[in-house]
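> With the input below, show me the fold.
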Amino acid sequence: MSSKINVSAPLVILHGDEMAQVAFERILETFVTSRLDVDLVEIDLTAENRLVTNGQAVIDAIEALKQYGVGVKNAGMTVNRAQLGELLAKHPELDGTTLHPLATKSPNGAIRKGIGGNITREDIQFRNLEFNTPEWIGRDIEVDTMTTGGSKDSFNELSSATGIVKLLFVGQSGDPVELHRREVKKGDPWLLATNDIDQVKAWAHRFFQRAIDEKRDIYLGLKDTVIAGYDGVMRAAIEGIYESDYRAQVEALGLSYHYELIDAQAARIVANPPERALWGVPDNTTGRKLYKLVEQLKVHGIPKRKAHVSLSRMSAGGGDQYGSYNAPALEDGILKVVVDGEEKHARHVKQGDPILLMSNDHEAIKDWVTQVFRDASRKDKEVYFGLKREYMEYDDVFSTAITDVRRELAKADTPPPSFMIMRPSRQLIKMITDPPRNALYPAQNLDGDIFSDISAALGGSLATASSIIESKNGTMLFEAPHGTAHDLYLKYLESDGREAHFNSSALIFAVANALETLGEREANAALVDYATGLKAALIDTVADGVITGDLKGKTTDPAAETLVDMQGFLDAVAERLPE
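Below is the predicted model:
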């Protein structure tokens, strides 16, 4: 007779890329298939398979999650232009001009929108981790951002009726061409933003010259993978100027240049800052938040984290920049936004100007606020919303949703937890420099992406945080907040698999969360006990000082630490599992 625990319901497994996938396969073998009698619905979400299937793999993942209700997702690559070119060269049968966006873009937003899910990220409560915060007081880092364009100079409003928003372009022909259309309902916020590409280039010249004059290392952060037609256009223009006009000067001075996705770069700079740097964040709404945070850190520093930090990220509506139409203007002309035949706004654009049209779903916003209050009440958390209500009608709808949900909860005799509404910049500063004992920080999609990476990094490592995506209908997807660990994967390949370094804590925790949810749903006490035991074994392993290299020196007793590689860590967790 098998000693495996029988599990009635299938578990959806979404495979990913690079070092994270190497770890994921070993985790599944060590803690799932060898110990449980469970059906795994496995879908290959690697960058290559998304491309080869023309995005069908993403659709399959969404349908599987909706059908079975519980899944675990591994980290996957979002290809840049160079990587896409390499994959297309590997598959000459594919026509790169006819690919569906799901074939090349990040699958994360599509999956969240497909299942209607929002993200909660929070610290895994390791008992003995004590991240040594960097010395930030007086740190010589300056943030440089554009003062014009983008969301700051957007046209945004709330839809007065249900209808179709059309983005039209009138160029040299004089005939309007429809670039994009989307349905909005009454009360839905929408926003049109553009950037003048000549102003972007002028900013780039000032930015690089300032770095040279002040002899600072250069950091540039954008979200070009997800918003390729907007941030990607700006990145291409800025880096083109760097290559042609400034690289030689920068290298001659012994300075360095670093480009990274803004969320990962923000986490790295805050948690492991360079000595002297100029940090370029062209998007002015994001840039102003990070400028204010850095200025605060230079005065007050980063305190030791004694609080349990959770962040809820609004993503189910597909709104914010992540669900946007974004593309460069193909020629000089006029952009027009028309809602059910009525022209709402028009503006001039030039060839190459990046364009972004985004909207959100009022009902999805309301569902998210309800989820925020429900989670905060269940876990006794204070809530700190970040909204730009004073000049953004787009954000004001969130405030309306908060009021509506409060009234509904009051009618049901379930008052919401303690909460405050503040500017997003103040929300970020509070989360990092003055977190209360147990708080939840709700944020829109892009802010949430950046804020959660910063918070996770200050918790010690991106591998020490958990990520839960929950939909209104109960679909649950668990994942790790980190990426694929490209640098570690290259070392793994170069050593023929002998050098395998990766902190698998977040992936183990995600698997345990999914198994616990399955156990609760089918009243399977043995499975629930196993899942909670797996979490305890993970936490006990680190508590005993058995850690991977990324946590070296970050425990309360560094002298007692035992450094192990990826397999050594998995073996140590397995040894501590209850019999």
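> hmm, who's touching whichever strand or helix holds residue 326?
Assigned by DSSP states H and E, residue 326 falls within strand 325-328. By Cβ atoms under 8 Å, 6 or more residues apart in numbering, the surrounding residues in contact with strand 325-328 are 167, 179-180, 182, 197, 227-230, 233, 351-358. Yep, even glycine has a C-beta here, placed from its N, CA and C like the rest.
> buried ones in that strand?
By 16 or more other Cβ atoms under 10 Å, the buried positions in strand 325-328 come out as 325-328.
> Now pLDDT and distance to residue 433 too, for the residues you listed, in a markdown table please.
Shown next, in a markdown table, are the buried residues of strand 325-328 (pLDDT from 0 to 100; distance: Cβ to Cβ, whole Å):
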| residue | pLDDT | distance to residue 433 |
| --- | --- | --- |
| 325 | 95 | 37 |
| 326 | 96 | 33 |
| 327 | 97 | 38 |
| 328 | 98 | 38 |
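> Now render those residues as TSV, adding distance to residue 435.
Shown next, in TSV, are the buried residues of strand 325-328 (distance: Cβ to Cβ, whole Å):
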residue	distance to residue 435
325	36
326	34
327	39
328	40
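> Which one of the residues you listed is nearest to residue 14?
residue 326 (25.5 Å; Cβ to Cβ).
> what about that closest one, distance to residue 477?
Plainly put, residue 326 is 25 Å away from residue 477 if you go by Cβ to Cβ, to the nearest Å.
> likewise residue 182?
With the distance defined as Cβ to Cβ, residue 182 ends up 25 Å from residue 477.
> Which element, helix or strand, includes the residue nearest in space to the middle of the chain?
The centroid of the chain falls nearest to residue 449 when counting by Cα atoms, centre = their mean (3.4 Å). In the assignment (DSSP H and E), residue 449 maps to helix 445-458.
> Can you verify my assumption that residue 65 contacts residue 111?
Yes - between residue 65 and residue 111 a contact is recorded at 7.3 Å, counting by Cβ atoms under 8 Å.
> where do the contact lists of these two overlap?
Common neighbours of residue 65 and residue 111, counting by Cβ under 8 Å, 6+ apart, are residue 477.
> Model confidence score at the closest residue to residue 33 other than its chain neighbours, please.
Spatially, and ignoring its direct neighbours in sequence, residue 33 is nearest to residue 40 (7.3 Å; Cβ to Cβ, 6 or more residues apart in numbering). pLDDT for residue 40: 98.
> bridging residues for residue 357?
Judged by DSSP bridges, the bridge partners of residue 357 are residue 192, residue 325.
> now the helices for the stretch 401-550 of the chain?
Ranges of helices within the stretch 401-550 of the chain are 424-433, 445-458, 486-494, 505-521, 525-543, based on DSSP state H, counting those that start in this stretch.
> For the nearest residue to residue 26 once chain neighbours are set aside, give its distance to residue 165.
Excluding its sequence neighbours, the residue lying closest to residue 26 (Cβ to Cβ, 6+ apart) is residue 570, at 5.9 Å. As for residue 570, its distance to residue 165 is 50 Å (criterion: Cβ to Cβ).
> Likewise for residue 22?
44 Å.
> got it, and residue 7?
45 Å.
> same check, this time on residue 494
From residue 494 to residue 165 the distance is 50 Å (Cβ to Cβ).
> Looking at those two, which has the bigger crowd around it?
Neighbours were counted for residue 494 and for residue 165 using other Cβ atoms under 10 Å; residue 165 has more, 21 against 10.
> Tell me who's in contact with residue 506.
124, 462-467, 480-482.
> What is the burial count for residue 52?
So residue 52, with other Cβ under 10 Å, has 18 neighbours.
> what do you get for the one 10 residues further on?
By the other Cβ under 10 Å criterion, the neighbourhood of residue 62 contains 19 residues.
> thought it was touching residue 112?
No - the pair residue 62 / residue 112 is not scored as a contact, 9.5 Å apart, by Cβ under 8 Å.
> which phi and psi does residue 32 have?
phi -120, psi -70 (degrees, to the nearest 10).
> Give the buried residues for stretch 419-428.
419, 421, 423-428.
> Quick check: which ranges of the chain have low pLDDT?
1-2, 307, 316-319, 390-391, 436 (pLDDT under 70).
> run the last query once more with 50
1 (pLDDT under 50).
> on that earlier part again, filter the contacts of strand 325-328 down to just the buried residues.
By 16+ other Cβ under 10 Å, the contacts of strand 325-328 give 167, 179-180, 182, 197, 227-228, 230, 233, 352-358 as buried.
> ok so, going back, can I get the contacts of residue 506 in JSON lines with neighbour count and distance to residue 150?
Converted to JSON lines, the contacts of residue 506 look like this (neighbours: other Cβ atoms under 10 Å; distance: Cβ to Cβ, whole Å):
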{"residue": "124", "neighbour count": "22", "distance to residue 150": "35"}
{"residue": "462", "neighbour count": "26", "distance to residue 150": "27"}
{"residue": "463", "neighbour count": "24", "distance to residue 150": "33"}
{"residue": "464", "neighbour count": "25", "distance to residue 150": "33"}
{"residue": "465", "neighbour count": "26", "distance to residue 150": "29"}
{"residue": "466", "neighbour count": "23", "distance to residue 150": "32"}
{"residue": "467", "neighbour count": "24", "distance to residue 150": "28"}
{"residue": "480", "neighbour count": "28", "distance to residue 150": "31"}
{"residue": "481", "neighbour count": "25", "distance to residue 150": "26"}
{"residue": "482", "neighbour count": "26", "distance to residue 150": "28"}
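> taking those one by one, which sit in strands?
Judged by DSSP state E, the contacts of residue 506 include 465-467 as members of strands.
> wait, what's in contact with the residue nearest to residue 33?
10-13, 28, 32-33.
> Run a quick neighbour tally on the closest residue to residue 488 other than its chain neighbours.
Leaving aside its sequence neighbours, residue 488 sits nearest to residue 19 (Cβ to Cβ, 6+ apart; 4.5 Å). Residue 19: 26 surrounding residues under other Cβ under 10 Å.
> what about residue 19, distance to residue 422?
38 Å.
> how near is residue 559 to residue 548?
Distance of residue 559 to residue 548, given as Cβ to Cβ: 18 Å.
> More neighbours: which of those two?
More neighbours surround residue 548 than the other of residue 559 and residue 548, with 20 against 6 (other Cβ under 10 Å).
> the strands in the stretch 1-150 of the chain, which residues?
Using DSSP state E, counting those that start in this stretch, the strands found in the stretch 1-150 of the chain span residues 5-6, 11-15, 36-37, 40-44, 70-73, 117-123, 140-144.
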